[in-house]
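> Here is my input, please return the structure:
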Amino acid sequence: MPAGSGLAAIKALREQLQQPLLHDRLTLQLDFSIGIACAADMPGEDASRILRGADTSMYKVKRGQEEFPYLATWADAYAGTVNGRRAGRPGAHLPAA
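Residues are numbered from 1 along each chain as shown. Down below sits the predicted model:
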């Protein structure tokens, strides 16, 4: 999945979650970050590598290196530690490429 309609659904979800929220007479502008990786695009890779790809994808968008929605590549799954990813989280133990 996230090719085509899957990416469109993720983009629509992001747009919905970024709608202003009224709270106690204040308008809050929300934002959120999401990384996208598709296991079918990385055959044979384990969940830790796919998660590493999703993290890399998210930070590439946050840094302005890629436009949202950006789908992680195989190379993203082999990126070094992403943004100081904390120890103990799945994928954090993988050696930097």
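
> From now on I want contacts and neighbour counts done on CA atoms only, so please keep to that.
Fine.

> the residue most distant from the middle of this structure, which is it?
residue 25 (32.4 Å; Cα atoms, centre = their mean).

> And the pLDDT for that residue?
Model confidence at residue 25, expressed as pLDDT, equals 96.

> before we move on, what about residue 83?
Per-residue pLDDT puts residue 83 at 67.

> One more: the one 5 residues further on?
Per-residue confidence at residue 88 stands at 49 (pLDDT).

> Ok, the one 4 residues further on next?
At residue 92, the pLDDT value in this model is 54.

> Grab the nearest non-local neighbour of the residue nearest the centre of the chain.
Per Cα atoms, centre = their mean, the C-alpha nearest to the average position across the chain is that of residue 35, at 0.6 Å. Leaving aside its sequence neighbours, residue 35 sits nearest to residue 58 (Cα to Cα, 6 or more residues apart in numbering; 3.9 Å).

> for the one you found, what are its contacts?
By Cα atoms under 8 Å, 6 or more residues apart in numbering, residue 58 lies in contact with 33-36, 70.

> and it, backbone torsions?
The phi/psi pair for residue 58 (degrees, to the nearest 10) reads phi -60, psi -50.

> any idea how far it lies from residue 51?
Between residue 58 and residue 51 the computed distance is 11 Å (Cα to Cα, to the nearest Å).

> secondary structure element for residue 22?
Using DSSP states H and E, residue 22 falls within strand 21-23.

> Parallel or antiparallel, list what pairs with that strand.
strand 26-28 (antiparallel) (DSSP bridges).

> Show me how far the partner strand is from its chain's centre.
26 Å (Cα atoms, centre = their mean, to the nearest Å).
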